[in-house]
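**Student:** The following block contains a protein sequence and its predicted model.
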Amino acid sequence: MNLFTDIRTLVLEKLAEMEAEGALPAGLERGNVSVEPPRDPAHGDMATNAAMVLARPAGKKPREIAEVLAGKLGEDARISVADVAGPGFINLRLAPSVWQGVVKSVLETGRDFGRTAMGRGQKVNVEYVSANPTGPLHVGHARGAVFGDALASLLDFSGHEVTREYYINDGGAQVDVLARSVYLRYLEAHGQEVAFEEGTYPGDYLIPVGEALKEKVGDAYLGQPEDMWLGEVREFAIEKMMEMIRADLALLGVEMDHFFSEKSLYGTGLIEETLELLRGKGLIYEGVLEPPKGKKPEDWEPREQTLFKSTKFGDDVDRPVRKSDGSWTYFAPDIAYHYDKIRRGYDALIDVLGADHGGYVKRMKAAVAALSDGRVPLDIKLTQLVRLFRDGAPFKMSKRAGTFVTLRDVVEQVGADVTRFVMLTRKNDAPLDFDLSKVLEQSRENPVFYVQYAHARVCSVLRRAREAGIDVEDAALAAADLGRLDHEAELALARKIAEWPRLVEIAARTHEPHRIAFYLYDLASELHGLWNRGNEIPALRFLQEGDPATSQAKIALARATAVVISSGLAILGVTPVEEMR
């Protein structure tokens, strides 16, 4: 039940009537007709731009159309007032029975209220985290993991078929550095003194990996040349690091559907096949790039490389895919990887990357557009930095990772639910300040607490109602006399609940799961406001002593609020609480 969609359908029906009556020309395009909340809630519950959109093609003044349309809309039982405002907008006020019906619909539908088929089963691949397997996940990876996971859940809730994917960067030189670093820990496990040179990974997290290697091979690699042990240690190290990464993701409640190894692209011919496909489209050529911006010509050594014509698809410059020495650039396997996704039949691709990948966006979008002939859209979402604080001051935790704060450090400090919610309290491309003290405060300033407290308050009402012998099963509440919900504060809460389906569609369409967190905070605020008014006005309290029928109606509203909060938290990957400790 999307009330905004329902009322838009009503508007379109009335416009069709006007066409049939000759009040409007036939065949007008009505795709841009919208029904949305007005900018100022004082103007009404909804507003439509129908008259403004149709005036020019109809050859009429907007108000002329609006006045006829408003009269027709007012005939519907759901519309209590239809006012023409300004040059021709129509503000609508809905009857209380409509908002009461929303409460009933939530209780009958449960946590599927707001679920939509807008995705039409479209297959979407969401790739996120994809950290190098050279160390534990850090707090920046945590933000990408939470954002990507919530986005995947949001798309699933809105009718898409979603695959959560992790790209293992195990094909570059960094994994050789990892192997050498693990070998040093292996020597250390045998009692030898070692020195970590610049460029190796000195973090303590490799100590158990070195010990595990010793347990597996004993002293077989001691004193041996690198070419004897490098390959096997590399495979062993990657396996152990991926075990660590999977464990860190599980701690955060993130579970991937698929892990794709970069190494699997090499030696299979896929990179060559992909570039030949592009060459066949006239998009690969041998050439010399212009000097980079800021470089003096005398500092530039021109050299011929194999280039992809990414400028044909909106990129700033063409991009090299093979170096002058014949080796692949980093971009070449990335192109092949995305070609593999396209071949797997995905209708849309989403990459969630760190803010340092900003220069990657245009070239990768160009490659996907070229490979799919524009059929498969690629959306690249960049997650900005996370700055850690405690009591307002910059905060550093363990040095277990060597140079950064790990995901595990943060989750062990504040918990997975708090970490996930806070990571979604800012848009993904805005920096996020994460204060480890504030996120544990029990105050309105802490959005995690504020939303969870609203859910817990409703649970406390349900417990007390059961103790009083009131039937608070959803079916019983849906059958209650909801016409008793007639106070403006109660209807305001029902209106906020009614926004949920529309909000889900907007958030899914824009790939912005932070909108869910914002909405839940606003919904919780309405619930808390009604609760507090009940302290002043006894008739607004959810439990009305000696009046079980009215209590059921009011509890139905509270329960509907909790259902939507629970549904929204599920999208964010957060468990709703029933009691606050």
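**Tutor:** Yep, that arrived.
**Student:** can I assume Glu197 sits in a helix?
**Tutor:** No. Assessed with DSSP: H, G, I helix; E, B strand; the rest coil, Glu197 is coil; it does not lie in a helix.
**Student:** Could you report the distance from it to Leu187?
**Tutor:** 13 Å (Cβ to Cβ, to the nearest Å). From N, CA and C alone the C-beta is placed, and that goes for glycine too.
**Student:** Pick out whichever of these two has more residues nearby.
**Tutor:** Leu187 (17 against 10; other Cβ atoms under 10 Å).
**Student:** what sits up against the helix or strand encompassing that one?
**Tutor:** Using DSSP states H and E, Leu187 maps to helix 174-189. Helix 174-189 is contacted from outside by 132-134, 169, 194, 196, 199-202, 206-207, 209-211, 213-214, 221-222, 226, 229-230, 233-234, 236-238, 240-241, using Cβ atoms under 8 Å, 6 or more residues apart in numbering.
**Student:** Counting neighbours, which of these end up buried?
**Tutor:** For the contacts of helix 174-189, a burial check counting by 16 or more other Cβ atoms under 10 Å picks out 132-134, 169, 194, 200-202, 206, 209-210, 213-214, 221, 229-230, 233-234, 236-238, 240-241.
**Student:** Next up, the contacts around Val146.
**Tutor:** Taking Cβ under 8 Å, 6+ apart as the test, what Val146 contacts is Leu252, Val254, Thr419, Arg420, Met423, Leu424, Gly573.
**Student:** Sticking with it, tell me its helix or strand.
**Tutor:** Going by DSSP H and E, Val146 is part of helix 139-157.
**Student:** next one: that helix to chain centre, how far?
**Tutor:** 5 Å (Cα atoms, centre = their mean, to the nearest Å).
**Student:** Beyond that helix, next helix or strand please.
**Tutor:** Next element after helix 139-157 (DSSP H and E): strand 161-168.
**Student:** now the angle between helix 174-189 and that next one, please.
**Tutor:** When axes from the mean of the first three to the mean of the last three Cα atoms, to 10 degrees is applied, the directions of strand 161-168 and helix 174-189 differ by 60 degrees.
**Student:** didn't Leu107 look like it was pressed against Ala478?
**Tutor:** Yes. Under the criterion of Cβ atoms under 8 Å, Leu107 makes contact with Ala478 at 3.9 Å.
**Student:** who touches both of these two?
**Tutor:** Common neighbours of Leu107 and Ala478 (Cβ under 8 Å, 6+ apart) are Ala556.
**Student:** and these two? which has more neighbours close in?
**Tutor:** Neighbour count, other Cβ under 10 Å: between Leu107 and Ala478, Leu107 has more, with 23 against 19.
**Student:** List the contacts of the more buried one.
**Tutor:** If you count contacts by Cβ under 8 Å, 6+ apart, then Leu107 has Asp474, Ala475, Leu477, Ala478, Ala556, Arg559, Ala560, Val563 around it.
**Student:** element containing it?
**Tutor:** Element membership for Leu107, per DSSP H and E: helix 96-109.
**Student:** quick one: the strand or helix carrying Arg8 to chain centroid distance?
**Tutor:** Arg8 belongs to helix 3-20 when elements are defined using DSSP H and E. Distance of helix 3-20 from the chain centroid (Cα atoms, centre = their mean) equals 33 Å.
**Student:** contacts for it?
**Tutor:** By Cβ under 8 Å, 6+ apart, helix 3-20 touches 24-28, 30, 33-36, 46, 48, 50, 54, 65, 68-69, 72-73, 76, 78-79, 92, 94, 98, 102, 498, 501-502.
**Student:** returning to what we had before: with only the CA atoms kept, save the next helix or strand after the helix holding Leu187 in CSV.
**Tutor:** Moving toward the C-terminus from helix 174-189, the next helix or strand (DSSP H and E) is helix 207-217. Presented in CSV, the C-alpha positions along helix 207-217 are these (Å, rounded to 0.1, in the frame of the first residue of the first chain):
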residue,chain,number,x,y,z
ILE,A,207,51.9,-13.3,14.0
PRO,A,208,49.3,-16.1,14.2
VAL,A,209,49.6,-16.6,10.4
GLY,A,210,53.3,-17.1,10.7
GLU,A,211,52.7,-19.6,13.5
ALA,A,212,50.1,-21.4,11.5
LEU,A,213,52.6,-21.7,8.6
LYS,A,214,55.2,-23.2,11.0
GLU,A,215,52.6,-25.7,12.2
LYS,A,216,51.8,-26.7,8.7
VAL,A,217,55.3,-27.0,7.1
